[in-house]
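In: Need the 3D shape of this:
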Amino acid sequence: MSAKRKIMLAVIIAVIVAGVAAYVCLRPAKTSTPATKKVELTVGGATFPYYQIERWISLFEKKYPNVTITYNPVGSGKGIANFKAGLYVIAFHDPPLPPSDWKEIRELYGPILQCPTVAGAVVIIYNIPGLKGVLNLTGPLLADIFMGKIKDWCSPKILKYNPGLELVCSRIRSAPITVVVRHEASGTTLIFTAYLSMVSQEFNHTVGVGFLPNWSAAWNKYGARGVEAKGNFGVAESVRKTPFSIGYVEWSYAIFANLTPAAVQNPLGEFVIPTRESIMRALEAAVKSSILSKYNPLGDLYKLGEVYWFLNVKAHDAYPIVALSHLTVRLHYKRSELLVAVAIYRFLKFIWIGPYSNSTIKGYVPVPYELREKCFETLRDNMVVDSTPIWKIVRN
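Out: Residues are numbered from 1 along each chain as shown. A predicted model of the protein is given here:
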């Protein structure tokens, strides 16, 4: 080969190599994006919304198969504790955070958001063999029963509202009541005791309002037959297996356990059973009373009295023990937490304003849209990753 040809061949090879190198350097790198990289979220807390949250998680994971969410139904109290310990990225709890927890979590993580996820009702379940029809109970009657002040189903105070019980009582000398309550710190219990404290001063002074109230103070005073069970599941199962028992659970647990809930008297004197319609009437009446203007997802909702807004609402055919179940989430994330923050944002957007946000399974009712919209807008405007607003990172 001549020297001239060798030079030409060397030039051609150099051009080819340079072109390949340029292509390699300039082509887009194949990197994982927030929409494709695997993300695992561990959340948990309240048993109240469990069935509905699990349904939403299932639908969300179909839309975002890169995200896996594990929900642990350990009770509101444990959910809050695990969130503070960094074990959960979202804490689910029925009533708003107690002020001490709200303050402590803000000190740990900075700004937080707490908002409702779903609406429901605390219902009264019972096991009275031979009773035909629905049991009717007033608020003061419920308070006296759970304190142990009324200890027998054949009490004249109960028979006054339940003529169907007279046949049962005519066959037996007495029917001692077994009261079933929650064993662990429970948001369902706080909601129920808040209601009983509204309708009975004695209950408020003796047992009080709380996640884990002092039932024994009243039981020891009146000699009640009280037992404890773990979770809404446990209370429903205990009542189902125990003749002449009574307990309280979130509405969906009564449905799945095939237990008929009692009709509870509302402030208008109507005995109302829990239904989607009777719960919605309470919610709509409360929202119309201008609670929306008071609602601040960044603030201390418990101090605002939010837990009482939906209890004993004065509205026709409204069920009196209605509640919202809440979640708490951090608003500030490090750059290393980008994928987690994006997944949380997308999940909360999905349950608040997504295509299935207004679709709830039997036993639950959607939170009024005005509240859900306010929650999402607050999240969008205040969530940041390394000081970058989340809305600049997630466009859909």
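In: model confidence over stretch 330-341, on average?
Out: For stretch 330-341, mean pLDDT is 97.
In: what about it, how long is it end to end?
Out: 9 Å (C-alpha to C-alpha, to the nearest Å).
In: And it, what's buried?
Out: Judged by neighbour count using 16 or more other C-beta atoms under 10 Å, the buried positions of stretch 330-341 are 330-333, 338-341. (C-beta placed from N, C-alpha, C; glycine too.)
In: So which of those belong to strands?
Out: Among these, DSSP state E puts 330, 332-333 in strands.
In: For residue 144, which three-state class applies?
Out: Three-state call for residue 144 (DSSP: H, G, I helix; E, B strand; the rest coil): helix.
In: Near the nearest residue to it once chain neighbours are set aside, how many other residues are there?
Out: Nearest-residue entry for residue 144: residue 150, 4.4 Å, with adjacent residues in sequence omitted and distances by C-beta to C-beta, 6 or more residues apart in numbering. Neighbour count for residue 150, taken as other C-beta atoms under 10 Å: 20.
In: what separates the closest residue to residue 223 other than its chain neighbours from residue 176, distance-wise?
Out: Nearest residue to residue 223, sequence neighbours excluded (C-beta to C-beta, 6+ apart): residue 148, at 6.4 Å. Residue 148 sits 11 Å away from residue 176, going by C-beta to C-beta, to the nearest Å.
In: now swap in residue 383 and tell me
Out: With C-beta to C-beta as the criterion, residue 383 and residue 176 are 54 Å apart.
In: Give me the more crowded residue out of these two.
Out: residue 383 (25 against 13).
In: my guess is that one contacts residue 338, does it?
Out: No - assessed by C-beta atoms under 8 Å, residue 383 is found out of contact with residue 338, at 11.7 Å.
In: on that earlier part again, max pairwise distance over the buried residues of stretch 330-341: which two?
Out: The largest separation in the buried residues of stretch 330-341, counting by C-beta to C-beta, is between 331 and 339 at 16.6 Å.
In: Residue 250 pairs with what?
Out: Using DSSP bridges, the bridge partners assigned to residue 250 are residue 122.
In: which residues sit in contact with it?
Out: Residues near residue 250 by C-beta atoms under 8 Å, 6 or more residues apart in numbering: 47-49, 120-123, 188, 232, 363.
In: Neighbour-wise, which one of those leads?
Out: Neighbour max across the contacts of residue 250 (other C-beta under 10 Å) = residue 48, 36 neighbours.
In: Spell out the secondary structure type for it.
Out: coil.
In: what does residue 226 give?
Out: Under three-state DSSP, residue 226 falls in the strand class.
In: Any chance of the contacts of residue 250 in JSON lines with pLDDT and distance to residue 66 as columns?
Out: JSON lines is the format used below for the contacts of residue 250 (pLDDT from 0 to 100; distance: C-beta to C-beta, whole Å):
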{"residue": "47", "pLDDT": "90", "distance to residue 66": "28"}
{"residue": "48", "pLDDT": "89", "distance to residue 66": "29"}
{"residue": "49", "pLDDT": "93", "distance to residue 66": "24"}
{"residue": "120", "pLDDT": "93", "distance to residue 66": "31"}
{"residue": "121", "pLDDT": "96", "distance to residue 66": "36"}
{"residue": "122", "pLDDT": "97", "distance to residue 66": "37"}
{"residue": "123", "pLDDT": "98", "distance to residue 66": "38"}
{"residue": "188", "pLDDT": "92", "distance to residue 66": "34"}
{"residue": "232", "pLDDT": "93", "distance to residue 66": "32"}
{"residue": "363", "pLDDT": "91", "distance to residue 66": "30"}
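In: and which of those is nearest residue 264?
Out: Distances from residue 264 to the contacts of residue 250, taken by C-beta to C-beta, are shortest for residue 123, at 8.2 Å.
In: Got the domain ranges for this structure?
Out: Following automatic domain parsing, one gets these domains for the chain: 39-121+287-393, 122-275.
In: Tell me the secondary structure at residue 158.
Out: Going by three-state DSSP: residue 158 is helix.
In: what sits against it?
Out: Residues in contact with residue 158 (C-beta under 8 Å, 6+ apart) are 137, 141, 150, 165.
In: Strands - which of those residues land there?
Out: residue 137.
In: Count the neighbours of residue 285 for me.
Out: Residue 285: 16 surrounding residues under other C-beta under 10 Å.
In: Excluding residues flanking it in the chain, which one is nearest the residue nearest to the spatial centre of the chain?
Out: In the chain, the centroid-proximal residue (C-alpha atoms, centre = their mean) is residue 325; its distance is 3.4 Å. Spatially, and ignoring its direct neighbours in sequence, residue 325 is nearest to residue 49 (4.3 Å; C-beta to C-beta, 6+ apart).
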